[in-house]
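In: From the sequence below, what's the structure:
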Amino acid sequence: MSFSSTRLAHRLPRLAAAALLGLAAAGAGLAQAQQYRLKELEISAPHARASRPGVPNSSAYFAVTNHGQQADRLVSASSPAAERTELHDMKIDNDVMRMFQVEGIELPAGQSLTLGQGNKLHVMLMQLKQPLQAGQTIALTLQFEKAGAIDIQVPVKEHKMGGHEHHGHGHGHGDDHAEHGKGHGHAGHDGHDSHAGHGKAH
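Out: So this is what the prediction gives:
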């Protein structure tokens, strides 16, 4: 075997490894750019937040673009990862950030909406069956008023310290919904005692 052939033989394993790494990186890029299409709706960038120790709840986010000429509405969500799944918004009431359930999220024709970006909308995953850990993927079913239902896969990402992504202000929020969904019904929404500890202004 010539010197050049020997050198090539040594390089082949390295080239194969580099190719595999390239494929893995490409796969990661595709996962980050997840997109789903349901009739005139495009759902993209889904992700859920890893749960904190001792906290039975988490939240999920995604973007929806309505390419149609008629408005639609997200009316519900469900996931096998949680006992209950609700659509939520938040508001400040007497300097306290309070979370409340909404009956639906409007999707105007020809517009895009990203949950948690420029708004406080999110899908609340309540009474998790197992803690959510970064790197996992959970199933989420979205039900739209006109377009119907779609199942999507939602990657779980590590919680970023320094504030919640679904609000961009200086209020705290009760340690990632730690008190939310612990044995209260909907009467606990909209400023009742079960949310009294939610996000008092510092």
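In: all strands for the chain, in order.
Out: 35-38, 41-49, 58-66, 72-78, 82-93, 96-101, 105-107, 112-114, 122-128, 137-144, 148-157 (DSSP state E).
In: As CSV, could you dump the C-alpha coordinates of the third one?
Out: To tie it back to what came earlier, the one meant is strand 58-66. C-alpha atoms of strand 58-66 as CSV (Å, rounded to 0.1, in the frame of the first residue of the first chain):
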residue,chain,number,x,y,z
SER,A,58,-45.5,23.9,33.0
SER,A,59,-46.4,25.8,29.8
ALA,A,60,-46.2,25.4,26.1
TYR,A,61,-45.8,27.9,23.3
PHE,A,62,-45.9,28.0,19.5
ALA,A,63,-46.5,30.4,16.6
VAL,A,64,-49.6,30.2,14.4
THR,A,65,-49.9,31.9,11.0
ASN,A,66,-53.4,32.1,9.4
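In: Can you list the strands that that strand pairs with?
Out: Strand 58-66 has the following sheet partners, assigned by DSSP bridges: strand 41-49 (antiparallel), strand 112-114 (antiparallel), strand 122-128 (antiparallel).
In: got the angle for it vs strand 137-144?
Out: Strand 58-66 runs at 50 degrees relative to strand 137-144, counting by axes from the mean of the first three to the mean of the last three Cα atoms, to 10 degrees.
In: for the record, mean pLDDT for strand 58-66?
Out: The pLDDT scores in strand 58-66 average 98.
In: ok, now the fourth one?
Out: The average pLDDT for strand 72-78 rounds to 99.
In: other SSEs contacting it?
Out: strand 58-66, strand 82-93, strand 105-107, strand 137-144 (3 or more Cβ pairs under 8 Å, 6 or more residues apart in numbering; DSSP states H and E). In short, each C-beta sits where N, CA and C put it, glycine included.
In: mean confidence for the third one?
Out: The reference is to strand 105-107. Averaging pLDDT along strand 105-107 gives 98.
In: now for that strand, which elements pack on it?
Out: Judged by 3+ Cβ pairs under 8 Å, 6+ apart, strand 105-107 is in contact with strand 72-78.
In: picking up where we left off before, who wins for proximity to residue 39 among the helices and strands packed on strand 72-78?
Out: Of all the helices and strands packed on strand 72-78, strand 137-144 sits nearest to residue 39, with 8.5 Å by Cβ to Cβ.
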